[in-house]
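Q: Let me see the structure of the following:
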Amino acid sequence: MFNASEILTDQIDTILERWKIAVRQDSRIESSDDLSETALKDSMPVLLNGMVKALAHQGNESYEIVASASLEHGSARAHEGYNAAEIAWEYQILRRTIFSVLEPQLLQGSPEEILRTIRTLDAVIDEAISQCYSSYVQQRVKELEQVRSQLIMTNQELTRLLRTSKDSLAYMAHELKTPLTSIIGYSDLFLRQQKQAVDVQATVPNLRNIERVLQSGRLLLRLINDALELSSCDAGKIQLNLACIDVKQVIKDVVATIEPLAKAKDLQLKIECDRAPNQIETDIFRLQQILTNLLSNAVRYTDRGFIQLECLNDADNRWSIIISDTGIGIPQKDLTRIFEPFTRASSNPHRRDEQSTGLGLAIVARLIKILQGEIKVVSQLGIGSTFTITFPNEI
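A: The predicted model follows:
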């Protein structure tokens with residue numbers, strides 16, 4: 001008499017061995033290469049015993065055994081780093097191996113017995129696959145939640161460390177300003193005293209040394225002030241004093257401070273404010289800070305030609321300032337990073353700017369954002385650069 005459950009029972013060891021070899025040889029299941037023999041087989045014997053009971057018509061008990069074994073198998077494979085496709089191929093190989101091993105005995109049964117056995121095995125394997133994927137996904141979701149929680153904790157700790165670092169930097173910068181101001185003051189005093197000395201020739205070396213100290217001190221003080229300004233911008237501590245202002249007058253005042261620098265380099269300043277808005281609402285000090293920085297940069301990096309400032313009244317209650325120069329220009333690869341702190345364009349590696357702190361444009365970009373504006377730049381090496389700033393008429 002044909003007994004499918006007994007046939008499967010007799011062939012369990014053969015099925016497991018062939019399945020193991022086939023999985024090892026299948027290049028699509030790379031994760032199995034790192035598993036031991038025990039870890040590879042894990043729940044398969046329990047799964048096959050559940051199939052035996054299913055073939056023996058022992059009701060729901062067999063499916064419960066299969067489900068339990070499959071849930072364990074899916075969770076284990078998730079821990080072992082399998083992906084979903086690798087699990088699918090494992091079960092595909094199991095299905096082929098079972099039918100391959102049982103084929104000679106199955107052919108001895110009647111057509112009805114063969115069909116019933118095939119259907120039962122297919123149903124059990126399908127149930128196993130379903131339960132395996134269910135536990136696999138649950139385990140993966142659990143792992144992702146753990147990773148997410150860890151990332152949140154790490155992010156919180158990094159935020160705390162960054163805030164502490166910024167606070168420490170600000171505190172240190174404030175503490176440095178007092179002695180540094182004294183150094184600059186005394187250096188300036190000594191310089192004036194040396195210049196008043198009777199023997200000027202003898203004091204020339206001293207003058208040069210004191211001038212170097214004074215120049216370095218002033219640069220360091222600028223760096224500290226810029227670092228504090230940048231820190232305040234990033235921390236959201238900038239307080240705006242909004243008022244309705246005459247933008248033409250603000251531009252005139254800024255140009256008056258920049259004009260001597262331009263004349264010293266024989267550069268022409270072109271100012272076009274005919275189409276400027278009559279009044280706008282903004283923080284006058286921050287606007288002056290932005291314009292002064294951009295114009296002084298234009299003078300610093302322009303050796304000949306001109307610098308042009310144009311102010312326009314745009315549509316949609318916005319206005320803009322366009323600052324152009326005929327300077328050395330900025331490489332295209334640097335245009336996206338010139339507003340990052342301590343970043344300088346590499347247009348001329350042999351040209352070193354002793355007066356730059358590398359923070360000016362970073363502060364400008366942040367102040368423009370605080371004033372709800374936008375800044376864009378286009379540039380060509382050897383031809384010049386154009387900075388376009390757009391602001392709302394009211395903040």
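
Q: quick check: mean pLDDT across the strand or helix carrying Val137?
A: Using DSSP states H and E, Val137 maps to helix 111-195. Helix 111-195 shows a mean pLDDT of 76.

Q: cool, and stretch 312-319?
A: For stretch 312-319, mean pLDDT rounds to 90.

Q: Pull it out as CSV, backbone CA atoms only.
A: Only the C-alpha atoms of stretch 312-319 are listed here, as CSV (Å, rounded to 0.1, in the frame of the first residue of the first chain):
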residue,chain,number,x,y,z
LEU,A,312,16.8,97.1,-8.5
ASN,A,313,13.2,97.2,-7.5
ASP,A,314,11.9,93.7,-8.5
ALA,A,315,8.4,92.4,-8.9
ASP,A,316,6.5,90.5,-6.2
ASN,A,317,7.5,93.0,-3.4
ARG,A,318,11.2,92.1,-3.7
TRP,A,319,14.4,94.1,-4.4
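
Q: Would you mind listing the buried residues in it?
A: Leu312, Asn313, Arg318, Trp319 (16 or more other CB atoms under 10 Å). Backbone N, C-alpha and C define where each C-beta goes, glycine included.

Q: So what touches it?
A: Residues outside stretch 312-319 that contact it (CB atoms under 8 Å, 6 or more residues apart in numbering) are 247, 275-277, 280, 311, 320-322, 390-394.

Q: ok, 10 Å please
A: For stretch 312-319, contacts defined as CB atoms under 10 Å, 6 or more residues apart in numbering pick out 247, 272-278, 280, 282, 311, 320-322, 372-374, 388-394.

Q: what does stretch 118-130 give?
A: 4-5, 8, 43-44, 47-48, 50-57, 62-63, 65-67, 69-71, 73-74, 87-88, 90-92, 94-95, 98-99, 102, 106.

Q: 8 Å instead, please
A: Under the contact criterion CB under 8 Å, 6+ apart, stretch 118-130 has outside partners 4, 47, 50-51, 54-55, 62-63, 66-67, 69-70, 73, 88, 91, 94-95, 98-99, 106.

Q: Off-centre distance for that stretch?
A: Centroid separation between stretch 118-130 and its chain, computed with CA atoms, centre = their mean, to the nearest Å, is 47 Å.

Q: buried stuff in stretch 16-34?
A: Leu16, Arg18, Trp19, Lys20, Ala22, Val23, Ile29, Ser32.

Q: tell me which of those residues is nearest to Leu335?
A: Ile29 (48.5 Å; CB to CB).

Q: Pick out the residue nearest the middle of this structure.
A: Asn155 (12.8 Å; CA atoms, centre = their mean).

Q: follow-up on the earlier one: return the member of the buried residues of stretch 16-34 nearest to Ile258.
A: Closest to Ile258, out of all of the buried residues of stretch 16-34 and judged by CB to CB, is Ile29, at 70.4 Å.

Q: Produce a ChimeraX select command limited to the buried residues of the contacts of stretch 312-319.
A: With 16+ other CB under 10 Å as the criterion, this ChimeraX line picks the buried residues out of the contacts of stretch 312-319:
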select :247,273,276,277,280,282,311,320,321,322,373,388,389,390,391,392,393
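
Q: before we move on, the earlier item: quick one: the residue nearest to the centre of the chain and Ser149, what's the gap?
A: For Asn155, the distance to Ser149 (CB to CB, to the nearest Å) stands at 11 Å.

Q: can you check Gln156 too?
A: In terms of CB to CB, Gln156 sits 11 Å off from Ser149.

Q: before we move on, the earlier item: and the contacts of stretch 118-130, which of them are buried?
A: 4, 47, 50-51, 54-55, 62-63, 66-67, 69-70, 73, 88, 91, 94-95, 98, 106.

Q: Restricted to helices, list those residues.
A: 4, 47, 50-51, 54-55, 62-63, 66-67, 69-70, 73, 88, 91, 94-95, 98, 106 (DSSP state H).

Q: Which pLDDT value goes with Ser43?
A: 72.

Q: would you say Gly382 is within a strand?
A: No. Counting by DSSP: H, G, I helix; E, B strand; the rest coil, Gly382 is not part of a strand but coil.

Q: Is the nearest residue to it once chain neighbours are set aside in a helix, a strand, or coil?
A: Of all residues beyond its chain neighbours, the one nearest Gly382 is Gly329 (5.7 Å), with distances taken as CB to CB, 6 or more residues apart in numbering. The local conformation at Gly329, judged by three-state DSSP, is coil.

Q: Pull up the gap between Gly329 and Ala298, please.
A: 12 Å.

Q: okay, those two: which has more neighbours?
A: A count of neighbours by other CB atoms under 10 Å puts Ala298 above the other of Gly329 and Ala298, at 27 against 20.

Q: Now for the more buried one: which residues touch it?
A: Ile307, Ile323, Ser324, Asp325, Gly327, Ser385.

Q: Would you confirm that the third one contacts Thr386?
A: Yes. Under the criterion of CB atoms under 8 Å, Ser324 makes contact with Thr386 at 4.4 Å.

Q: Let me have the buried residues of stretch 16-34 in a markdown table, adding pLDDT, distance to Asp266 and secondary structure as columns.
A: Converted to a markdown table, these look like this (pLDDT from 0 to 100; distance: CB to CB, whole Å; DSSP: H, G, I helix; E, B strand; the rest coil):
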| residue | pLDDT | distance to Asp266 | secondary structure |
| --- | --- | --- | --- |
| Leu16 | 85 | 91 | helix |
| Arg18 | 88 | 90 | helix |
| Trp19 | 86 | 87 | helix |
| Lys20 | 87 | 86 | helix |
| Ala22 | 88 | 84 | helix |
| Val23 | 86 | 81 | helix |
| Ile29 | 86 | 76 | coil |
| Ser32 | 84 | 77 | helix |
